[in-house]
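Participant: Have a look at this fold, sequence not included:
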């Protein structure tokens, strides 16, 4: 194929750079440094190897070498993750003088090291919750042949494991990185869990594609949901300037023991689904229901017409 004329390339480059100046909202030149998306994804995958040792990553671990392996990986990941967290904190800087900015970056690195150490200390607790999640998947799906099958192949295990790590970073008020992690899992699995959602133990998402769980959603223990379920906001309150008010409870509360079937939509920050209730497929709910309730859609009328052309 013919090569582009160098004059044409120069002209196009100039036009594109001019567009950078006119579209500043999506341009970041000589401004702030942000975490690397590719590096965050790499760190996320390596952290999952620590959550599921012998299943993901290195598979020849034994009790004689596992402590060395874990220590080496933690040491390396500490450096990588703390660097990205420092960038995330640094991205909050706006308009400091050069000396103040240098001091600010130093404080970001110090805080990033503390936050990374705190996050690493939570990994054993995260593993305990994931063991309950995997067991819930095995108990809740008669098609599952083994725990190993679930760990290796169920999209909910990937999505929930990434969510549980991202949630802890979210609670530590780390900017950007928690959402980058969960959106990576969303892209792989079709399961969209905001890192701000609060989800209890033994959580199972069957099939998973199209599930949406909003930021202020609260989910109890032993909850099971199916594909296509939306736990979303009913409306977005706005201030006197017409801007969305952030930080309010916008998404529903799902109490312990609830099952929500495929395609159900539950909306609103004041909506509470009571304990041990069942929400049927394709149900649309914008109000609370009491515990031990079953909500189903009446059977639709079917019209069966002979296909004469056949």
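Facilitator: Thanks, I have it. Being a predicted model, the structure only gives us computed values, none of them experimental.

Participant: Tell me, how many residues neighbour residue 293?
Facilitator: Counted by other CB atoms under 10 Å, the residues lying close to residue 293 total 15. Any C-beta I mention is one placed from the backbone N, CA and C, and that applies to glycine too.

Participant: now residue 9
Facilitator: By other CB under 10 Å, the residues close to residue 9 number 11.

Participant: i'd like the first residue to be 146 from this point on
Facilitator: Right, with 146 as the first residue, what we last looked at is residue 154.

Participant: which one is residue 371 nearest to, not counting chain neighbours?
Facilitator: Leaving aside its sequence neighbours, residue 371 sits nearest to residue 407 (CB to CB, 6 or more residues apart in numbering; 4.1 Å).

Participant: that's a helix at the one you found, yeah?
Facilitator: No: judged by DSSP: H, G, I helix; E, B strand; the rest coil, residue 407 forms no part of a helix; its state is coil.

Participant: Count the residues that sit near residue 405.
Facilitator: So residue 405, with other CB under 10 Å, has 29 neighbours.

Participant: Next up, the contacts around it.
Facilitator: 368-371, 374, 399, 411, 418, 423-424 (CB atoms under 8 Å, 6 or more residues apart in numbering).

Participant: give me every residue that touches residue 373.
Facilitator: Going by CB under 8 Å, 6+ apart, residue 373 touches 354-356, 407-409.

Participant: Kindly apply the preceding question to residue 374 instead.
Facilitator: Neighbour list for residue 374: 355-357, 405-411 [criterion: CB under 8 Å, 6+ apart].

Participant: Tell me the one of these nearest residue 236?
Facilitator: Distance to residue 236 across these (CB to CB) is lowest for residue 357, with 26.6 Å.

Participant: Which residue comes closest to residue 382 once chain neighbours are left out?
Facilitator: Nearest residue to residue 382, sequence neighbours excluded (CB to CB, 6+ apart): residue 390, at 4.7 Å.

Participant: What of residue 234?
Facilitator: residue 253 is the one closest to residue 234 (CB to CB, 6+ apart), at 3.9 Å.

Participant: Now do that neighbour against residue 182, distance only.
Facilitator: Between residue 253 and residue 182 the computed distance is 19 Å (CB to CB, to the nearest Å).

Participant: more crowded one of these two?
Facilitator: residue 253 (20 against 14).

Participant: just to revisit the earlier point, tell me which two in the contacts of residue 374 are the farthest apart.
Facilitator: The span of the contacts of residue 374, defined through CB to CB, is set by 357 and 406 at 15.3 Å.

Participant: residues contacting the residue positioned nearest the centre of the chain?
Facilitator: For the chain, the residue nearest the mean C-alpha position is residue 327 (2.5 Å; CA atoms, centre = their mean). Listed by CB under 8 Å, 6+ apart, the contact set of residue 327 reads 304, 307-308, 311, 337-340.
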